[in-house]
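Trainee: structure for this input, please:
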Amino acid sequence: MAKIITKEEIEILRENPYVKGAYPNRVSFTSNFKREYLRRYDAGEIGREILRSMGIDPEILGNSRIWTITGKIREELERHGEFSDVRRKSEHNIEESSLEQLRSEVAYLRQEVEFLKKNIILDMKAHRKVSRKVVRTQNLNSSEI
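Mentor: Numbering: from 1, shown residues only. Alright, predicted model coming up:
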């Protein structure tokens, strides 16, 4: 799990020209940072050293962010062919979440149909019992006459 960034650390990060945004659970970097970081990483530099030289304290980010930063930068480059300062929503995730929502709705509607079927069956059984009692009562009344 990623380290939660404190308010003080967020302020420090936001002062850095390579940081686009900083929040307790997420840090976003500028496209210039991503280009420079990847270039230097591919040249053999260590991630922590690159961050320090760019004015970012690795201790603020925490190990899990540092370990995943290179992969996320490469993934953005492969997926979009360029770097962006704006956070992009994945089209795949949107389609997948919509599909999951539809599956949930179908499951709910199936349960509702089964519930209604059971209610109809119970109503029919109750109606038959009442009808039988009425017929018996009528038969008893007619036999007394």
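Trainee: can I see the domain layout of this structure?
Mentor: The record assigns the chain these domain ranges, following automatic domain parsing: 7-88, 91-145.
Trainee: right, and Ile66 touches Asp57 too?
Mentor: No. Look at Ile66 against Asp57 with C-beta atoms under 8 Å: they stay out of range, at 10.9 Å. The C-beta positions use only the backbone N, C-alpha and C, and glycine is treated the same way.
Trainee: among the domains of the chain, show the one with the smallest mean pLDDT.
Mentor: Ranked by mean pLDDT, those bottom out at domain 91-145, which scores a mean of 78.
Trainee: give me the residue at the spatial middle of the protein.
Mentor: Note on the chain: the residue nearest the mean C-alpha position is Ser97, at 7.6 Å, using C-alpha atoms, centre = their mean.
Trainee: circling back: most tightly packed of the domains of the chain?
Mentor: Neighbour counts averaged per stretch over those are highest for domain 7-88, at a mean of 15; criterion: mean count of other C-beta atoms under 10 Å.
Trainee: chain center to that domain, what's the gap?
Mentor: When distances are taken as C-alpha atoms, centre = their mean, to the nearest Å, domain 7-88 is centred 23 Å away from the chain's centroid.
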